[in-house]
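[1] Predicted model follows, preceded by the sequence.
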Amino acid sequence: MGDMAKAVWDLQGVTLAGRNRPRLHDMSLTISCGVTAVMGSSGAGKSSLLGLLTEFEKPDAGIVEFRAPDTPADVPLFWSPQDDGLWPHLSAEQHIEYVLPSQSKRGWSPIEWLELFCLEELKKALPESLSQGERSRLAIARSLASEAAVLVLDEPLVHVDPLLAHRCWQLIAEHIERCGTTVVFSTHDPDAVLRFAQNVVCLDKGTIAFAGAVNELHFEPPTKELAWLLGPCNWLARDDVDGEKVCVEPGQPDVCVRPSSLALLPDSNARFVVESVLNAASVTEVQIRERESERRLTVFVSQRRDEVVIDAAVRLVVDPASSS
């Protein structure tokens, strides 16, 4: 998977047993250098896969082979598990002191690391006295401070509020660029995947549903269910939309169009009429009705709510900049 030359993990026919069904079943996968996201619904096997990558668990069948990237890092791999994995007897400052490499590329002190993650006032605090969000930020600060060649992060910022999470992701991205770190992280956050990952592995009930480039999953998803892992999408019949950039594979009746590529353009002769408009966090949700059939569709667009008029007749246009 991925176009990076160096394979970091090779999994061949891996199975990991579970109580009622295998947590992972007959999985073969290659993860290369760079940033790879692992996605899937709760119970899909994300944490189980990361547990195998870090050798926290051993497969019941198959082979997991790890090849550390050829870098001067003291530590080949550092894992931040879902429960943070903090050491209960060490203060926040000691967590950083303990992992600092002998030849640091960053050259930062423990306090400087804590300041980056807004934790300097908690330098003497033990993990039990920290909130979940503070624990999560300390776990990430510790992981980055280790300057390990490979980081494995299990839902790293799920307990951090959006403003601080955005800052933390920026710090992670800057660290990757400076140190050339390979990162595998699990998440339910499509924005983090779209912004920071090159490759993505999607799991479903312990099997691989998709493994490939993020852009491929975003723009050419094989199924509607997989498309939604990367955020709202319009899964539309080819005849419903206009535009030069609407491409459908032979035998494929539907097309996935992301909100940023779809627009509702006023046209008194158009087939559709706007019935309702709702604002979501990053898109506008619009219910439309086909005049002749009374068929109703829900579509997502990046247009502002005030740009879509209720009762207006509209065309669905893909890539409106190239369509009249």
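    Perfect, I can see it now.

[2] what about the helices in the stretch 101-250 of the chain?
    Applying DSSP state H, counting those that start in this stretch to the stretch 101-250 of the chain gives helices spanning 110-116, 132-145, 162-179, 190-196, 214-219, 224-227.

[3] Next, format these as CSV and append distance to L262 and mean pLDDT.
    (C-beta placed from N, C-alpha, C; glycine too.) Putting the helices of the stretch 101-250 of the chain into CSV (distance: least, C-beta to C-beta, whole Å; pLDDT from 0 to 100) gives the following:
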stretch, distance to L262, mean pLDDT
helix 110-116, 39, 96
helix 132-145, 35, 96
helix 162-179, 26, 92
helix 190-196, 17, 94
helix 214-219, 13, 95
helix 224-227, 13, 93
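
[4] JSON lines for the ones you listed, including mean neighbour count?
    Putting the helices of the stretch 101-250 of the chain into JSON lines (neighbours: other C-beta atoms under 10 Å) gives the following:
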{"stretch": "helix 110-116", "mean neighbour count": "19"}
{"stretch": "helix 132-145", "mean neighbour count": "23"}
{"stretch": "helix 162-179", "mean neighbour count": "16"}
{"stretch": "helix 190-196", "mean neighbour count": "18"}
{"stretch": "helix 214-219", "mean neighbour count": "18"}
{"stretch": "helix 224-227", "mean neighbour count": "16"}
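
[5] Can I get the ones you listed in a markdown table including distance to R21?
    Putting the helices of the stretch 101-250 of the chain into a markdown table (distance: least, C-beta to C-beta, whole Å) gives the following:
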| stretch | distance to R21 |
| --- | --- |
| helix 110-116 | 42 |
| helix 132-145 | 30 |
| helix 162-179 | 33 |
| helix 190-196 | 26 |
| helix 214-219 | 25 |
| helix 224-227 | 19 |
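
[6] could I get stretch 287-303 in CSV with only the CA atoms?
    C-alpha atoms of stretch 287-303 as CSV (Å, rounded to 0.1, in the frame of the first residue of the first chain):
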residue,chain,number,x,y,z
GLN,A,287,-33.5,18.4,0.4
ILE,A,288,-34.7,18.6,-3.2
ARG,A,289,-37.7,17.1,-5.0
GLU,A,290,-37.9,16.0,-8.6
ARG,A,291,-40.9,17.8,-10.2
GLU,A,292,-42.3,14.9,-12.3
SER,A,293,-41.7,11.9,-10.1
GLU,A,294,-41.9,13.5,-6.7
ARG,A,295,-38.6,11.7,-5.9
ARG,A,296,-36.8,13.3,-3.0
LEU,A,297,-33.0,13.6,-2.6
THR,A,298,-30.8,14.9,0.2
VAL,A,299,-27.6,16.6,-1.1
PHE,A,300,-24.7,18.3,0.6
VAL,A,301,-23.0,21.4,-0.9
SER,A,302,-20.5,23.9,0.2
GLN,A,303,-22.7,26.8,-0.7
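
[7] out of the helices of the stretch 101-250 of the chain, nearest to G85?
    With C-beta to C-beta, the closest approach to G85 among those belongs to helix 132-145: 6.7 Å.

[8] How far away from the center of its chain is that closest one?
    A distance of 19 Å separates the C-alpha centroid of helix 132-145 from that of its chain, computed with C-alpha atoms, centre = their mean, to the nearest Å.

[9] Check what contacts it and list those residues.
    The set of residues external to helix 132-145 that reach it, using C-beta atoms under 8 Å, 6 or more residues apart in numbering, is 78, 80, 84-86, 92, 95-96, 99-100, 106, 108, 110, 113-114, 116-119, 122, 127, 130, 151, 153, 156-161, 164, 168, 171-172, 175.

[10] Please indicate which of the residues you listed are buried?
    With burial judged by 16 or more other C-beta atoms under 10 Å, the buried subset of the contacts of helix 132-145 is 78, 80, 84-86, 92, 95-96, 99-100, 108, 110, 113-114, 116-117, 119, 122, 127, 130, 151, 153, 156-157, 159-160, 164, 168, 171-172, 175.

[11] Which ones among those map onto strands?
    Under the assignment DSSP state E, the buried ones among the contacts of helix 132-145 contribute F78, S80, L151, L153 to strands.
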